[in-house]
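**Student:** A predicted structure for the sequence below; I have some questions about it.
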Amino acid sequence: MTSEVTATDSASAQPGTPRRADEHDLVDSLVTALQERINSGEIPAGSWLRQEAVAKELGVSRMPVREALRQLQVRGTVELIANRGARVRLPSTRDIIEVYELHGILQGHAGAAAAELITTDQLERLAAAEAMFRVAVEDLRAADGDTSTAQHRWHEANTDFHLVIIEAGGNRHLAEVLENLHHKVPRNLTWIALGNDVRRLEKDAAEHAGILDAISRGDATAARDRLTEHVRRASDLLVRTVDEIAQDSTPRRR
């Protein structure tokens, strides 16, 4: 999808008795698909999402697209602007600070619980994810302009690593809460902050290694502290990155 879509609408929905469950499932699938494309950076911040074009591309009518965009607005992912459409939001520095403050508290809690409750299988999966961070560093070091392999591997490692910690912590609702927080800050922004600097990626990998060490030793206090500090550093880096993006996109007076 391009940064501005202006294609015409697809065929209208077939008339007949409404199937509410099917409509609900369709809207949910559209929300999931659009959110993932925004999170990955395929649809970058500032892009316009035109109902007609999205409907045509995805082969649906405009009505479920309209509802999906409304739900994305509630999540804070897009903003609906009267007479113009939906635009993907660039999170503000305040958004990042507030989201990551909660994120750090919750991740720290999960890490402390994981240090006490993690199983052998979960610890092996956590170690495998940590090793993948180090491979991503080598991928980036070897990249010749194309960082997509390193980016994909880092995203996979990061997702797996933190999901294992949440799973091991045993709180069934924590993953859902954290997922909702993630929607407010697309994950591709983290890669933008990290991905072109090997030293930053090495630092990130080392932080994950330290978290693994604390959890594997059963040290709940160290696991909490290291995860909280890890999230704080990520917040600081994202704030600087978003400030730079905002400055670059601000028209300069002549």
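**Tutor:** Cool, got the structure.
**Student:** center of this protein - which residue?
**Tutor:** Residue closest to the mean C-alpha point of the chain, counted by Cα atoms, centre = their mean, is R187 at 3.2 Å.
**Student:** Looks like it contacts I38 (just checking).
**Tutor:** No. R187 lies out of contact with I38 (Cβ atoms under 8 Å); the separation is 9.6 Å. (Glycine included, C-beta is placed from N, CA and C.)
**Student:** so is D144 in a helix, a strand, or just coil?
**Tutor:** Classification of D144 by DSSP: H, G, I helix; E, B strand; the rest coil places it in coil.
**Student:** burial of it, as a residue count?
**Tutor:** Other residues near D144 number 5, with proximity taken as other Cβ atoms under 10 Å.
**Student:** again, but for A142
**Tutor:** Residues near A142, counting by other Cβ under 10 Å, number 9.
**Student:** One more: G85?
**Tutor:** For G85, the neighbour count with other Cβ under 10 Å is 20.
**Student:** ok, now D236?
**Tutor:** 14.
**Student:** what's the helix or strand for it?
**Tutor:** Element membership for D236 (DSSP states H and E) is helix 220-249.
**Student:** From R217, how far off is H103?
**Tutor:** H103 sits 24 Å away from R217, going by Cβ to Cβ, to the nearest Å.
**Student:** more crowded one of those two?
**Tutor:** Here H103 and R217 are compared on neighbour count by other Cβ under 10 Å; more neighbours surround H103, at 24 against 11.
**Student:** and the more buried one, what does it touch?
**Tutor:** H103 makes contacts with L178, L181, V231, S235, as judged by Cβ atoms under 8 Å, 6 or more residues apart in numbering.
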